[in-house]
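J.: requesting a structural model of the entry that follows:
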Amino acid sequence: MEIKEVFKKEKELIKKEIEVKGWIRKHRKQKEISFIDLSDGTTIKQLQVIYDKNLKDFDSIQKIHFGSSIKVKGVLKKGRDTIELQAKEIILIGDCSEEYPIQPKKHSREFLREQAYLRPRTTLFQAVFRVRSIASMAIHEYFQKEGYVYLHAPLFTSSDCEGAGEMFRVTTLDIEKISKTGYIDYEDEFFGKKVGLSVSSQFEGETFAQAFSKVYTFGPSFRADKSHTPYHVAEFWHVEPEVAFCDLEGIMDIGEDVLKYVIKYVLKHAKVEMKFLDEKVEKGLIKKLKKVLKEPFKRVTYKECIDILKQSKIDFEFTPKYGEDISKEHERYLTEYFGCPTI
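T.: Modelled structure (predicted):
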């Protein structure tokens, strides 16, 4: 049985025998009675397993390392704060090394970045990626509900889409040979011309919108911009709706509508994960998201924005000027000024 189902059906399962499988997240060993926190990845909640000296192989079970996978048969009981599984049998499925780096303590994100193949086992990354999975489902559900056609646009392209970003070049040519001769013959290239990874599916979306009226793409985009900030990533997943017979007001309506739909969907379907993120990662996160749902987005013209920025008397790093782009610091100020998402 999945641990998620155990918590979901705990009232009907109390005093009944069940079997679960998972990985040991904590193993607190004592002389007479020991405790295991078990996770199977179906929820960030961990099921506490209790086993005592009366259990067969008690001594060998105590030697099972943190991170190992086990199968547990036992009776579900109501504990002081949560449910507990009183083990009747614990079987080792896969042992784990004593050098296993993800120990039962708080690890920095910098450390976890160096343990990329193991970090999905941490509560933080399980919460984040489950929320991401649920948010992806919400995006598809919204556009399908609204009658859009889902378009799979190609990732190999010769177009930089109106200069949307620097492209990663894709080639089958011998780079070492080119570096020695300095000569490139694109006729020998796989596609017979320069090709890169897509920076946007806009052009494909516009083409299909003139046949289906409403389409959307949702997939990876790539940018080779050499700007190492939190706002620039080499690869990201991109939602791009394209709608025929629609003006700017209509597009703004869609943008606000889909964002609110996704937030509402995530708050409903990822309650445990969002509670964890609210308590451990960003205090007040849920309150902030609920505020977004309650209020209409503020819509202001470019001229209004520049006027507000000029009148602010803030010493911005980039001075706001008519005809110039609005920087991140300007966007942040405007959002705080209006107290809500701003278009």
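
J.: C246 versus G205, what's the distance?
T.: Counting by Cβ to Cβ, to the nearest Å, the gap from G205 to C246 is 12 Å. The C-beta positions use only the backbone N, C-alpha and C, and glycine is treated the same way.

J.: how about the strands in the stretch 201-343 of the chain?
T.: If DSSP state E, counting those that start in this stretch is used as the criterion, the strands of the stretch 201-343 of the chain fall at 214-222, 235-243.

J.: quick one: the first one to strand 235-243, angle?
T.: For strand 214-222 against strand 235-243, the angle by axes from the mean of the first three to the mean of the last three Cα atoms, to 10 degrees is 160 degrees.

J.: so for strand 214-222, what gets flagged as buried?
T.: Using 16 or more other Cβ atoms under 10 Å as the test for burial, strand 214-222 gives K214, V215, Y216, T217, F218, G219, S221, F222.

J.: of all those, which comes closest to T335?
T.: S221 (24.1 Å; Cβ to Cβ).

J.: the closest one reaches G196, doesn't it?
T.: No - using Cβ atoms under 8 Å, S221 is not in contact with G196; the gap is 11.4 Å.

J.: one step back: what's the closest of the strands of the stretch 201-343 of the chain to Y186?
T.: Short answer: strand 214-222, nearest of the strands of the stretch 201-343 of the chain by Cβ to Cβ, at 20.5 Å.

J.: strand partners of that closest one, parallel vs antiparallel please.
T.: Using DSSP bridges, strand 214-222 pairs in its sheet with strand 149-150 (parallel), strand 235-243 (antiparallel).

J.: quick one: contacts for I36?
T.: I24, K26, H27, R28, Q48, V49, I50, Y51, I70, V72, I90 (Cβ atoms under 8 Å, 6 or more residues apart in numbering).

J.: centroid-nearest residue for the protein?
T.: Centroid-nearest residue in the chain: R132, 3.4 Å away (criterion: Cα atoms, centre = their mean).

J.: and V272, how far from E279?
T.: Counting by Cβ to Cβ - V272 and E279 are separated by 11 Å.

J.: of the two, which one has the most company?
T.: Per other Cβ atoms under 10 Å, whichever of V272 and E279 has more neighbours is V272, with 14 against 11.

J.: tell me who's in contact with the more buried one.
T.: Counting by Cβ under 8 Å, 6+ apart, V272 touches T43, I44, K45.

J.: export the lowest-mean-pLDDT helix or strand in the chain to PDB, keeping only CA atoms.
T.: Least confident helix or strand, the chain: helix 175-181 with a mean of 85, by mean pLDDT, DSSP states H and E. Only the C-alpha atoms of helix 175-181 are listed here, as PDB (Å, rounded to 0.1, in the frame of the first residue of the first chain):
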ATOM      1  CA  ILE A 175      34.200  20.800 -34.100                       C
ATOM      2  CA  GLU A 176      37.900  19.900 -33.800                       C
ATOM      3  CA  LYS A 177      38.300  19.700 -37.500                       C
ATOM      4  CA  ILE A 178      36.600  23.100 -37.900                       C
ATOM      5  CA  SER A 179      38.800  24.700 -35.300                       C
ATOM      6  CA  LYS A 180      41.900  23.600 -37.200                       C
ATOM      7  CA  THR A 181      40.800  24.600 -40.700                       C
END
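
J.: and stretch 41-51, what's its mean pLDDT?
T.: Mean pLDDT, computed over stretch 41-51, is 96.

J.: ok, now stretch 61-71?
T.: 95.

J.: distance from that stretch to the middle of the chain?
T.: Centre-to-centre, stretch 61-71 and its host chain are 30 Å apart (Cα atoms, centre = their mean, to the nearest Å).

J.: for that stretch, buried residues please.
T.: I61, I64, F66, G67, S68, S69, I70.

J.: next one: the fifth one from A135, what distance?
T.: Taking Cβ to Cβ as the measure, S68 falls 32 Å from A135.

J.: next: the second one.
T.: With distances taken as Cβ to Cβ, I64 is found 36 Å from A135.

J.: next one: the third one
T.: With distances taken as Cβ to Cβ, F66 is found 31 Å from A135.

J.: for stretch 92-107, measure first residue to last.
T.: 26 Å (Cα to Cα, to the nearest Å).

J.: how about residues contacting it?
T.: By Cβ under 8 Å, 6+ apart, stretch 92-107 touches 21, 24-26, 37, 64-71, 115, 118-119, 121-122.

J.: so for it, what gets flagged as buried?
T.: Residues L92, C96, I102, H107 are the ones in stretch 92-107 that count as buried (16+ other Cβ under 10 Å).

J.: repeat that for stretch 6-20.
T.: For stretch 6-20, the neighbour count (16+ other Cβ under 10 Å) marks V6, F7, L13, I18, V20 as buried.

J.: and that stretch, how far from the chain's centre?
T.: Centroid separation for stretch 6-20 versus its chain: 30 Å, with Cα atoms, centre = their mean.
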